[in-house]
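Q: return a 3D structure for these sequence lines:
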Amino acid sequence: MSEPKPSGLDDDRISHVPHVLAAIQSDTDEIGFQLASERKIGSLLRALAASKPGGRFLELGTGTGVGTAWLLAGMDRDSRLVSVDTDHDVQNVAKRNLSHDTRVIFHLGDGATFLESTTERFDLIYADAWPGKFTHLEQALSLLNRGGIYFIDDLLPQPNWPEGHAPRVPALIEDLERRSGFVATKMAWASGLMMLVRTEE
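A: The predicted model follows:
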């Protein structure tokens with residue numbers, strides 16, 4: 001049996017959950033999408049976004065907009081977010097619930113193509129898709145401003161991992177840990193997280 005969590009530090013109790021998440025979750029359940037970010041990760045995304053006033057943010061893998069909603073909840077009014085996904089039906093859930101917020105631009109298309117073609121720089125990149133994480137990693141990291149944050153999840157075993165995927169994860173972690181010009185930290189928490197902060201241009 002796990003030890004009880006100290007009073008006030010129960011990280012399963014997330015405060016100030018974005019109101020729009022209820023509608024997004026309902027729509028997500030309706031289409032049977034099962035890859036949405038969990039609330040612990042969302043809460044951390046919100047805090048990271050809040051640390052970058054006037055920031056420029058990139059989300060690779062919109063999904064149904066759960067992570068998007070958390071990022072928007074932390075962003076100030078001068079910040080901007082680009083969210084990329086290849087799945088029209090899934091991303092439409094996010095658009096339906098979040099497109100009223102002019103701080104976010106939804107891009108329907110391949111994340112790899114986006115990373116190869118954009119000239120924009122970002123203060124935070126949340127890579128929640130294959131491109132920018134297991135492929136096109138160099139392109140993603142090159143888009144970070146100094147002090148920018150690169151954030152990934154799903155590093156602990158997941159039931160939806162395809163066959164042969166498991167060995168890729170420790171290889172990715174090792175790659176990220178040994179990079180110069182970045183400070184890295186790992187968190188065996190939620191779905192398994194890793195964060196890099198760029199220290200050199």
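Q: could you pull up phi and psi at Lys194?
A: Just to correct that, residue 194 is Met rather than Lys. In this entry, Met194 is assigned phi and psi values of phi -150, psi 140 (degrees, to the nearest 10).
Q: ok, now which ones touch it?
A: Residues counted as contacts of Met194 (Cβ atoms under 8 Å, 6 or more residues apart in numbering) are 151-152, 155, 173, 176, 184-187. Yep, even glycine has a C-beta here, placed from its N, CA and C like the rest.
Q: quick one: mark the members of those that sit in helices.
A: 173, 176 (DSSP state H).
Q: can you name the residues bridging to the residue nearest the centre of the chain?
A: Geometric centre of the chain, nearest residue: Tyr126, 3.3 Å, by Cα atoms, centre = their mean. Note on Tyr126: beta-bridge partners Glu59, Phe151, judged by DSSP bridges.
Q: how close does it sit to Val90?
A: According to Cβ to Cβ, to the nearest Å, Tyr126 and Val90 sit 16 Å apart.
Q: what segments of the protein are strands?
A: Assigned by DSSP state E, the chain shows strands spanning 56-60, 80-85, 104-108, 122-127, 144-152, 182-187, 193-198.
Q: count the neighbours of Asp29 for me.
A: 12 (other Cβ atoms under 10 Å).
Q: tell me where the model's unsure across this protein.
A: Applying pLDDT under 70 to the chain picks out residues 1-7, 35-36.
Q: let's see that with 80 instead.
A: Applying pLDDT under 80 to the chain flags the ranges 1-9, 34-37, 159-164.
Q: ok, so of the contacts of Met194, who is nearest Arg13?
A: Proximity of those to Arg13 (Cβ to Cβ) peaks at Met187, which lies at 18.5 Å.
Q: quick one: that closest one and Asp153 touch, right?
A: No: assessed by Cβ atoms under 8 Å, Met187 is found out of contact with Asp153, at 9.3 Å.
Q: these two: which is more packed in?
A: Counted by other Cβ under 10 Å, Met187 and Asp153 do not tie: Asp153 has more neighbours, with 25 against 15.
Q: ok, Leu44 to Asp153 distance?
A: Distance from Leu44 to Asp153, by Cβ to Cβ: 9 Å.
Q: need the overlap of contacts for these two.
A: Contact criterion Cβ under 8 Å, 6+ apart; residues shared by Leu44 and Asp153: 190, 193.
Q: okay, helices next: where are they in this structure?
A: For the chain, applying DSSP H gives helices covering 21-31, 39-50, 66-74, 88-98, 111-117, 137-142, 168-177.
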